[in-house]
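*Asks:* Sequence and predicted structure, then a few things I'm wondering about:
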Protein chains: 2
Amino acid sequence: MLSREALSGYDLKGWMERPVGFFWEARHSQIYPELARLEAAGMVSHELVEQEGRPDKKVYEITPVGLEALKGWVVAPLEPRGARDELVLKAYSLWLADPEKALALFREHERLHEERLRRYEETNAWMEREWGDDLDLPGSPHFASYAALRRGILNERGYVEWCGWVVNRLKAGGGLSESG
Amino acid sequence: MLSREALSGYDLKGWMERPVGFFWEARHSQIYPELARLEAAGMVSHELVEQEGRPDKKVYEITPVGLEALKGWVVAPLEPRGARDELVLKAYSLWLADPEKALALFREHERLHEERLRRYEETNAWMEREWGDDLDLPGSPHFASYAALRRGILNERGYVEWCGWVVNRLKAGGGLSESG
DNA sequence: TAACCCATGTAAACGGTTACATGATTTC
DNA sequence: GAAATCATGTAACCGTTTACATGGGTTA
């Protein structure tokens, strides 16, 4: 985020909510110590900006050292972490569940992911309208934002489809495995 | 897992690798203390099984108390955690990357997820062949395993598609945002 | 004889969350 | 008068990972 523009800890927290929150999140209690740590490592530096009518803020920018480190990290090899999705974990124990309650749970999550998908697709449309040709240029930050969003959309689509599938099976469902 | 059959810590570790590892993972260093904790809480109990030619083992089974707790947990509400996918995080900084190296990274992950997808689909075919009609019964553990696997498949499909999309953009890519 | 499987644990470190803590300004 | 926004931090806790630790049996 700091490679795109200079931001305060509070700004970073805000970015975490909307565009970046689609694929990463962090609380302010993680952000502030991390900024201090990065500054001690020479990756970022800050400037105190005095404001009127609101608290002063520390605006951070990335240093040349930090930028080089970031560039290295981007293309560094990465072994994919094993997935950890609690709803899928619940699905694995679904055979033990009260069918009514299970149905409600999966319907709720279907709705939730449909809502997310809708928001992502709105953002997608906004990006295409607003940023147009930049989205074809891999050297543009707009392209990078768009790429991250695309992943979110495909993920949510799959999730909605899956929840729908589970809901249908539960609705049709023949009760327990042996009894009628 | 213990609600399906009685297992040792080592067995649980094994299950984590193949069928369960598709959606959850845990190291043995987490499993053993957790079993002890669950036993202290009355959720599971163990029996020492002596073996010849190999170390003795502790076989754990779920208690009635544990089973009730599990049934409650399955249908308990769950607020979805924000996604944390490091490759998507890298994608967000892709505009800073050496295009050659970025291409290699995403090609590698495309391959990796294609491979996973293939394995999942093989397992899927195996389940349909082997378990047949059980897969329609929400009260059957086979149905639950199948449901969890379905999520993995949809996820991998989306991932492969996304990596392919990024690779294509990088191949076509017009270099930096302003220069030629 | 080296590597791998079976089998079970502990200790230190790390990343992240929740809760604690403060306080002025603006909006409802 | 209450709630939300702006703004920054710390402390305790918790789940997880990495590394440490042991040791017999089997397979290549």
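*Replies:* Cool, got the structure.
*Asks:* ok now do the residue nearest the centre of chain A, which residues does it touch?
*Replies:* Chain A has A:Phe23 as the residue nearest its centroid, 1.9 Å off, counting by CA atoms, centre = their mean. By CB atoms under 8 Å, 6 or more residues apart in numbering or on different chains, the contact set of A:Phe23 is A:148, A:151-152, B:83-85, B:88-89, B:92. To be clear about C-beta, it is placed using only N, CA and C from the backbone, and glycine gets the same treatment.
*Asks:* Neighbours of the spatially closest residue to it that is not a sequence neighbour, how many?
*Replies:* Of all residues not flanking A:Phe23 in the chain, B:Val88 sits nearest, at 4.1 Å (CB to CB, 6 or more residues apart in numbering or on different chains). Summarising burial for B:Val88: neighbours were counted as other CB atoms under 10 Å in any protein chain shown, giving 21.
*Asks:* Go ahead and confirm B:Val88 touches A:Arg150.
*Replies:* No - taking CB atoms under 8 Å as the definition, B:Val88 is not a contact partner of A:Arg150, at 9.4 Å.
*Asks:* residues contacting A:Val167?
*Replies:* Here A:Val167 is in contact with A:103, A:106-107, A:110 (criterion: CB under 8 Å, 6+ apart).
*Asks:* Could you save the contacts of A:Phe23 as TSV and add columns showing distance to DNA strand C, pLDDT and secondary structure?
*Replies:* As requested, the contacts of A:Phe23 are exported to TSV (distance: CB to the nearest atom of the strand, whole Å; pLDDT from 0 to 100; DSSP: H, G, I helix; E, B strand; the rest coil):
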residue	distance to DNA strand C	pLDDT	secondary structure
A:Ala148	17	97	helix
A:Arg151	18	97	helix
A:Gly152	17	96	helix
B:Ala83	11	83	coil
B:Arg84	6	92	coil
B:Asp85	11	95	coil
B:Val88	13	97	helix
B:Leu89	10	97	helix
B:Tyr92	15	97	helix
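*Asks:* could the residues you listed be laid out in CSV, adding distance to A:Ser3?
*Replies:* Formatted as CSV, the contacts of A:Phe23 follow (distance: CB to CB, whole Å):
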residue, distance to A:Ser3
A:Ala148, 14
A:Arg151, 19
A:Gly152, 20
B:Ala83, 21
B:Arg84, 19
B:Asp85, 19
B:Val88, 16
B:Leu89, 12
B:Tyr92, 10
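*Asks:* Mind giving me the packing neighbours of the helix or strand where A:Val74 lies?
*Replies:* Using DSSP states H and E, A:Val74 sits within helix A:64-75. Counting contacts by 3 or more CB pairs under 8 Å, 6 or more residues apart in numbering or on different chains; DSSP states H and E, helix A:64-75 packs against helix B:86-92, helix B:99-131.
*Asks:* The longest one to helix A:64-75, inter-axis angle?
*Replies:* Helix B:99-131 runs at 40 degrees relative to helix A:64-75, counting by axes from the mean of the first three to the mean of the last three CA atoms, to 10 degrees.
*Asks:* Quick one: name the residues of chain A near DNA strand C.
*Replies:* Selection of chain A residues close to DNA strand C by CB under 7 Å from any atom of the strand yields A:25-27, A:29-30, A:53-55.
*Asks:* Which of the residues you listed fall within helices?
*Replies:* Mapping those onto helices (DSSP state H) picks out A:29-30.
*Asks:* Out of the residues of chain A next to DNA strand C, flag the one nearest to chain B.
*Replies:* Closest approach to chain B among the residues of chain A next to DNA strand C (CB to the nearest CB): A:Glu25, at 3.6 Å.
*Asks:* Without its sequence neighbours, what residue ends up closest to that closest one?
*Replies:* B:Gly82 (3.6 Å).
*Asks:* The one you found contacts A:Gly21, doesn't it?
*Replies:* Yes - B:Gly82 is within contact range of A:Gly21, at 6.1 Å (criterion: CB under 8 Å).
*Asks:* Spell out the secondary structure type for A:Gly42.
*Replies:* coil (DSSP: H, G, I helix; E, B strand; the rest coil).
*Asks:* near DNA strand D, which residues of chain A show up?
*Replies:* A:8-11, A:13-14, A:28-29, A:32-33, A:35-36, A:51, A:54-58, A:81-82, A:84.
*Asks:* Buried only: go through those for me.
*Replies:* A:8-9, A:11, A:13, A:35, A:57-58 (16 or more other CB atoms under 10 Å in any protein chain shown).
*Asks:* give me every residue that touches A:Leu170.
*Replies:* A:99, A:102-103, A:106, B:138.
*Asks:* can you pull the buried residues of stretch A:134-151?
*Replies:* Quick answer for stretch A:134-151 (16+ other CB under 10 Å): A:134-135, A:137-151.
*Asks:* Return the set of residues that bridge with the residue lying closest to A:Gln51 once chain neighbours are set aside.
*Replies:* Once flanking residues are discounted, A:Gln51 sits nearest to A:Lys57: 6.6 Å by CB to CB, 6+ apart. Using DSSP bridges, the bridge partners assigned to A:Lys57 are A:Val49.
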